[in-house]
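Peer 1: mind looking at a prediction? Sequence and model below.
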There are 2 protein chains.
Amino acid sequence: VPQAEGRPVGRIGIIGLGLIGGSLGLAVKSARLEALEVVGYDKEWGVGPKAQRLGAIDKAARDAPSAARDAALVIIATPILAISQVMEEIAPVLQEGCVLTDTGSTKAQVLRWAGELLPAHVDFVGGHPMAGKEQSGIEVADARLFAGAAYCVVPHVNASERAVKTVLTLVDILGARPVFIDADEHDSYAAAVSHLPLVLSAALFSLAHGSQGWPDMADLAAGGFRDLTRLASGDPGMSHDICITNRESILHWIDRMMGELSHYRELIQGKDEELFKAFARTQLDRDVFLTKPPQRLPPPPQGEADILSSGERMAAFLVGEQLARRAREVTRALEGKGGDSGQEGRRRRRP
Amino acid sequence: VPQAEGRPVGRIGIIGLGLIGGSLGLAVKSARLEALEVVGYDKEWGVGPKAQRLGAIDKAARDAPSAARDAALVIIATPILAISQVMEEIAPVLQEGCVLTDTGSTKAQVLRWAGELLPAHVDFVGGHPMAGKEQSGIEVADARLFAGAAYCVVPHVNASERAVKTVLTLVDILGARPVFIDADEHDSYAAAVSHLPLVLSAALFSLAHGSQGWPDMADLAAGGFRDLTRLASGDPGMSHDICITNRESILHWIDRMMGELSHYRELIQGKDEELFKAFARTQLDRDVFLTKPPQRLPPPPQGEADILSSGERMAAFLVGEQLARRAREVTRALEGKGGDSGQEGRRRRRP
């Protein structure tokens, strides 16, 4: 649905249009925020126009500053190690009150960069959607990628409440569940449940593949081996960046994993009963985890903002409520002529 | 489809009616071997009748010897450590020329038991289907569980060619792919691609679950963590039995995994470029593995036996070709009256 000429009154910029940036674009566009246009940029040739054809953005920008200029919200969805460079490039063009967020898998380093590289008149709220695929690229982008997933929200110490609410609204639009967390805590926990599994997956695959019996072994490798090594098929640049920017936590968890493996080694060598108990306890604990996953925070309270839809709130935060309402009225008037009957349902208010 | 009175001329016994035994029963029954009835036994109360209701067996036996008595083929699908006891129990009733197989995840110990406990007039051909689920029990049994999977075939040194062919036909009926392999080789390779992943999965889950930050971590745990820990939800008895009967190989592979983790540890601490290369090479190797999995053996040559369907071959091996043909003719004649029009297609000859 291309925007009618002159209608958008605000802009969202997405820099980096791979799996994550592309999926964000698709999700935001499917929320039909009439007041907002989505401008995207990817440094890889042809990706911007492709994202536009796929409906993930309204316009492809020719460089990162063009995507960020005049934007009320900028989402940096590049590889982690490219984030500092993007920040440097776009810093001079960011408008007063612009909200910046990212989607990097580690947060402490990104928050440090934000403090060093961004001007004081913009707000940075880090983000990390706990969702992904082992494939990458705009081709596999999916508006529902984040539905039901945890989405870490890590505000910079100087970020305004309005900026935090803007990112929360984005999370809501994605159908994800916000998890407020401190950058160091995030990196430590993510090291345990996300980065260590990545390293284990790669190590298991390279161990088996590098062993003499591989051709015979591979023939026996079934679903278990495939599941355990799935993350080894992830983007190597992403894995690399994660390890570089979260080195200490990951090394810590590798050491603890080696300790745990030594423990299982002893159990396997020792009394049968203890070994059985360990497997049985782990099975039970995992079943509990799957059935009733512990949640860090209760669901957010219902506030007055909930009278508006998440899309309307996003527009209100970014361009001001009055402007957002006007844009909506204009859009409705235009749509009344065009006759898009599905539109009303999507804009309905919450009970 | 209950067998008409008096029609079956041979019997297949299945001892142990969990996920594997139940799935075997469903697959064999769906092949509609008219000459053969399937008799099953499970030591857990009520499982036999339930398997019969689900169509996995024709009759529930009251004990293991009753399921094995008069059987031309006996499949032991119990937990590994129960196999020796079952062999002892059924040894006195096994008929001359009976073919015995099992489905245990380790093979050297099972082959030793077969040599010690079974009478000389029966043939043992070990089996191990490389397929499963983390759930267990007859309730999750599935006739298609083995479709496309590797199925290790490990004949005892004294097994006859006819016995091997019988088990190959069973594999064919299951839609699986036979992999001939020596017991020690099997146990070593399975330790690498199946048992080590099991231990890793349990160790990763218990490590995360046992750490102080677990409630917060769990909230961030996404698809990667779930995939990597899936095997930790498997039957603890099965995991235990595997570790006990394949102890040395598993310890060997745990040690190698710790070595590989140390290697990744060094890469993460060292030069960025080497780390990137390691992830990139592993990604590429895994993609090759997924696209073109190496296969130990070329597909079996088409022999004269292929003029018969796999079901007919099974019957021919077990009860003799003449008897099998007669049973089929009788069945067809009976079905001609009953009018099962789908039957012809299922029994069609190969091109």
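Peer 2: Happy to help now that I have it.
Peer 1: A:Val86 contacts A:Thr78, correct?
Peer 2: Yes: counting by CB atoms under 8 Å, A:Val86 sits close enough to A:Thr78 to count as a contact (5.8 Å). Glycine gets a C-beta too; all of them are placed from N, C-alpha and C.
Peer 1: so what sits against both of those two?
Peer 2: In the contact map built from CB atoms under 8 Å, 6 or more residues apart in numbering or on different chains, the residues linked to both A:Val86 and A:Thr78 are A:Ile15, A:Gly16.
Peer 1: end-to-end on stretch A:87-104?
Peer 2: One end of stretch A:87-104 to the other measures 13 Å (CA to CA, to the nearest Å).
Peer 1: meant to ask about stretch A:117-131
Peer 2: Stretch A:117-131 stretches 28 Å from its first residue to its last (CA to CA).
Peer 1: what mean pLDDT does it have?
Peer 2: Confidence over stretch A:117-131 (mean pLDDT, whole number) is 96.
Peer 1: and stretch A:12-23, by the same measure?
Peer 2: Mean predicted confidence for stretch A:12-23 is 97.
Peer 1: what are the ranges of the helices in the stretch 151-300 of chain A?
Peer 2: For the stretch 151-300 of chain A, the helices defined by DSSP state H, counting those that start in this stretch cover A:161-173, A:183-190, A:196-209, A:214-220, A:223-228, A:236-245, A:247-269, A:272-291.
Peer 1: reformat these as TSV; add mean pLDDT.
Peer 2: Putting the helices of the stretch 151-300 of chain A into TSV (pLDDT from 0 to 100) gives the following:
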stretch	mean pLDDT
helix A:161-173	93
helix A:183-190	96
helix A:196-209	97
helix A:214-220	91
helix A:223-228	93
helix A:236-245	95
helix A:247-269	97
helix A:272-291	92
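Peer 1: can you tell me which of these is most buried?
Peer 2: Ranked by mean neighbour count, the helices of the stretch 151-300 of chain A are led by helix A:196-209 with a mean of 25 (mean count of other CB atoms under 10 Å in any protein chain shown).
Peer 1: can you tell if it touches chain B?
Peer 2: Yes: under the criterion of CB under 8 Å from any CB of the partner chain, helix A:196-209 makes contact with chain B via A:196-209.
Peer 1: would a markdown table of these with distance to A:Asp272 be doable?
Peer 2: A markdown table is the format used below for those (distance: CB to CB, whole Å):
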| residue | distance to A:Asp272 |
| --- | --- |
| A:Leu196 | 29 |
| A:Pro197 | 29 |
| A:Leu198 | 33 |
| A:Val199 | 31 |
| A:Leu200 | 26 |
| A:Ser201 | 30 |
| A:Ala202 | 33 |
| A:Ala203 | 28 |
| A:Leu204 | 26 |
| A:Phe205 | 31 |
| A:Ser206 | 32 |
| A:Leu207 | 27 |
| A:Ala208 | 27 |
| A:His209 | 32 |
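Peer 1: quick check: the farthest pair among those?
Peer 2: Using CB to CB, the residues of helix A:196-209 next to chain B span at most 20.1 Å, a distance reached by A:Leu196 and A:His209.
Peer 1: next up, the contacts around A:Asp182.
Peer 2: Applying CB under 8 Å, 6+ apart to A:Asp182 gives the contacts A:Val154.
Peer 1: gap between it and A:Val154?
Peer 2: Separation of A:Asp182 from A:Val154 (CB to CB, to the nearest Å) stands at 7 Å.
Peer 1: what does A:Arg313 give?
Peer 2: 21 Å.
Peer 1: more neighbours: those two, which one.
Peer 2: Between A:Arg313 and A:Val154, A:Val154 has the larger neighbour count (other CB atoms under 10 Å in any protein chain shown), namely 27 against 23.
Peer 1: who touches that one in this structure?
Peer 2: Contacts here follow CB under 8 Å, 6+ apart; on that basis A:Val154 touches A:Lys107, A:Leu111, A:Val125, A:Gly126, A:Gly127, A:His128, A:Phe180, A:Ile181, A:Asp182, A:Ala183, A:His186.
Peer 1: what residues are bridge-paired with it?
Peer 2: Residues in a beta bridge with A:Val154, per DSSP bridges, are A:Gly126.
Peer 1: likewise A:Arg11?
Peer 2: Partner residues in beta bridges with A:Arg11, using DSSP bridges, are A:Glu37.
Peer 1: surely it meets A:Leu36?
Peer 2: Yes: taking CB under 8 Å as the definition, A:Arg11 is a contact partner of A:Leu36 at 6.6 Å.
Peer 1: return every residue with contacts to both of the two.
Peer 2: Counting by CB under 8 Å, 6+ apart, the common neighbours of A:Arg11 and A:Leu36 are A:Ala72.
Peer 1: comparing these two, which residue is more hemmed in?
Peer 2: Regarding A:Arg11 and A:Leu36, a neighbour count based on other CB under 10 Å identifies A:Leu36 as having more, with 28 against 24.
Peer 1: contacting residues for the residue of the stretch 251-351 of chain A found nearest chain B?
Peer 2: With CB to the nearest CB as the measure, A:Phe279 is the residue of the stretch 251-351 of chain A nearest to chain B, at 3.6 Å. Taking CB under 8 Å, 6+ apart as the definition of contact, the neighbours of A:Phe279 are B:Ala202, B:Pro236, B:Ser239, B:His240.
Peer 1: mind checking how far the first one is from B:Val140?
Peer 2: Just to be clear, that refers to B:Ala202. Counting by CB to CB, the gap between B:Ala202 and B:Val140 amounts to 20 Å.
Peer 1: residue farthest from the centroid of chain A?
Peer 2: In chain A, the residue that sits farthest from the middle, by CA atoms, centre = their mean, is A:Lys271; the gap is 45.2 Å.
Peer 1: give the contact list for that residue.
Peer 2: When contacts are counted by CB under 8 Å, 6+ apart, A:Lys271 is found next to no other residue.
Peer 1: now the phi/psi pair for it, please.
Peer 2: Dihedral angles phi and psi of A:Lys271 (degrees, to the nearest 10) take the values phi -70, psi 130.
Peer 1: and it, what's its pLDDT?
Peer 2: For A:Lys271, pLDDT reads 79.
Peer 1: so who does the closest residue to chain B within the stretch 1-150 of chain A touch?
Peer 2: As assessed by CB to the nearest CB, chain B sits closest to A:Met130 within the stretch 1-150 of chain A, at 4.1 Å. Under the criterion of CB under 8 Å, 6+ apart, the contact partners of A:Met130 comprise A:Ala149, A:Ala150, A:Tyr151, A:Cys152, A:Ser194, B:Leu220, B:Ala221, B:Ala222.
Peer 1: counting only strands, which of the residues you listed make the cut?
Peer 2: A:Ala150, A:Tyr151, A:Cys152 (DSSP state E).
Peer 1: hang on, A:Val125 packs against A:Val99?
Peer 2: Yes: in this structure, A:Val125 sits in contact with A:Val99. The criterion is CB under 8 Å, and the distance is 6.7 Å.
Peer 1: what touches both of those two?
Peer 2: Residues touching both A:Val125 and A:Val99 (CB under 8 Å, 6+ apart): A:Ala163, A:Thr166, A:Val167.
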